[in-house]
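# need a 3D model of the following:
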Amino acid sequence: MITLSLESGAARVMRADVSFNVRERTGNAATRAATGDAPIMLSLESSAKAASVALTRDGRLLAQYFHDSGLTHSRTLLKMAEDILRNNDLAVADIARVAVARGPGSFTGIRIGIASAKGFAWGADIPVRAVSTLRAAASVFVDLGSGVVIFPTESPRPANDVVICPAMDARRGEVYNALFEIGIGGITRLVPDRALTADSLAEEAARSGKTYLLTGDGAHICVPAFDARGVKYRLAPALLRLQCAYGVALAAENAPDLTAAELTPNYLRASQAERLSAYPNLTYLPRER
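Reported below is the predicted structural model:
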């Protein structure tokens, strides 16, 4: 079993032998391996309030487990991974690689996801792929293709006239954000991952004149600012709005393989400890999540 320990706000792997369900391929798993099916990837998403795990083969979703219960990810993430393997008659030996959202997002959530992915990679001797949480949030819309229906009363709009706008609650009056367009060739990133206020994002959107598809757990934070500036937008459907492991899997399809040692988080901004060290005379700063 992979055991996580939260010490001084950091998650680290205490045991990484991944002993649950580790067995030689048997039964259906052996049959799938013998028939030369494409390798299976296990994806993890724990960078926000919701946590999820997914199994995919060549980008096709086989199964996804999702939790938005408010329970800590240290209680839910690895249990979901164990259950999804067992219920699909798979062992860790059947997994070719693991993918994980590396941030931005909740500092503790990112640490848990990274530590879990490292544990799988080390214990099963498989590569890991790391993707931007924001890129993963946009990836679930890749099937929109060249025509996008943003408002049901309109004809499909050209994909390059619609901006996919993931927004995550970054606290302190900000959202983590990036912008993407979807075309025939897939997703094109327009700006790097960043932290900015909803007002700043809305002002930028108003200048662009394009239609925005708001997604992510911070999408609702942007609505008043977008309304105030007359930005044309639509909230993503609730089923697709929260960050999920399937998005991680889609974003990871063309990502490079890394070793567990090469896997690092992307917090995007300094942690509380780093901020305190920069201002040693301060006794309190708002805690990161």
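
# where in this structure is pLDDT low?
1-37, 144-160, 270-289 (pLDDT under 70).

# residue ranges of each domain in it, please.
The chain breaks down by automatic domain parsing into domains covering 2-135+244-278, 144-240.

# longest helix in the protein, please.
If you go by DSSP state H, the chain has its longest helix at helix 107-124.

# just list the residues touching the nearest residue in space to residue 161 that is not next to it in sequence, thanks.
Distances taken as CB to CB, 6 or more residues apart in numbering place residue 210 nearest to residue 161, at 5.8 Å, with adjacent residues excluded. Glycine gets a C-beta too; all of them are placed from N, C-alpha and C. Going by CB atoms under 8 Å, 6 or more residues apart in numbering, residue 210 touches 161, 162, 163, 232.

# can I assume the third one sits in a strand?
It stands for residue 163. Yes - per DSSP: H, G, I helix; E, B strand; the rest coil, residue 163 lies within a strand segment.

# any chance you could map the helices in the chain?
Under DSSP H, the chain gives helices at 27-34, 73-87, 107-124, 133-139, 198-208, 219-228, 238-241, 245-252, 272-278.

# which strands and helices sit next to the third one?
When you say that, I think you mean helix 107-124. Counting contacts by 3 or more CB pairs under 8 Å, 6 or more residues apart in numbering; DSSP states H and E, helix 107-124 packs against strand 2-7, strand 10-16, strand 40-45, helix 73-87, strand 95-101, strand 128-131.

# these: which one's closest to residue 244?
Each of these has some distance to residue 244 by CB to CB; the shortest is strand 40-45, at 5.8 Å.

# so what touches that closest one?
Contacts for strand 40-45 (CB under 8 Å, 6+ apart): 51-57, 62, 77, 81, 84-85, 90, 94-101, 113, 116-117, 120, 129, 133, 136, 243-249, 252.

# sheet partners, orientation included, of that strand?
strand 51-57 (antiparallel), strand 95-101 (parallel) (DSSP bridges).

# so which of these comes closest to residue 176?
strand 95-101 (11.6 Å).

# who touches residue 73 in this structure?
The contact partners of residue 73, by CB under 8 Å, 6+ apart, come to 46, 51, 108, 109, 112, 113.

# in CSV, list those residues along with distance to residue 67.
As requested, the contacts of residue 73 are exported to CSV (distance: CB to CB, whole Å):
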residue, distance to residue 67
46, 9
51, 5
108, 15
109, 12
112, 12
113, 13
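
# would you turn those residues into a markdown table with distance to residue 198 and neighbour count?
A markdown table is the format used below for those (distance: CB to CB, whole Å; neighbours: other CB atoms under 10 Å):
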| residue | distance to residue 198 | neighbour count |
| --- | --- | --- |
| 46 | 24 | 36 |
| 51 | 25 | 29 |
| 108 | 23 | 20 |
| 109 | 21 | 26 |
| 112 | 27 | 26 |
| 113 | 26 | 29 |
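
# which of these sit farthest apart?
51 and 108 (11.6 Å).

# contact partners for the closest residue to residue 203 other than its chain neighbours?
Nearest residue to residue 203 in three dimensions, chain neighbours excluded: residue 229, at 6.5 Å (CB to CB, 6+ apart). Counting by CB under 8 Å, 6+ apart, residue 229 makes contact with 202, 203, 205, 206.

# over to residue 214?
Residues in contact with residue 214, defined by CB under 8 Å, 6+ apart, are 165, 167, 222, 223, 226, 233, 234, 235, 236.

# in a markdown table: those residues, plus distance to residue 214 and neighbour count.
Converted to a markdown table, the contacts of residue 214 look like this (distance: CB to CB, whole Å; neighbours: other CB under 10 Å):
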| residue | distance to residue 214 | neighbour count |
| --- | --- | --- |
| 165 | 5 | 30 |
| 167 | 6 | 26 |
| 222 | 6 | 25 |
| 223 | 7 | 16 |
| 226 | 7 | 22 |
| 233 | 6 | 21 |
| 234 | 7 | 16 |
| 235 | 5 | 15 |
| 236 | 6 | 20 |
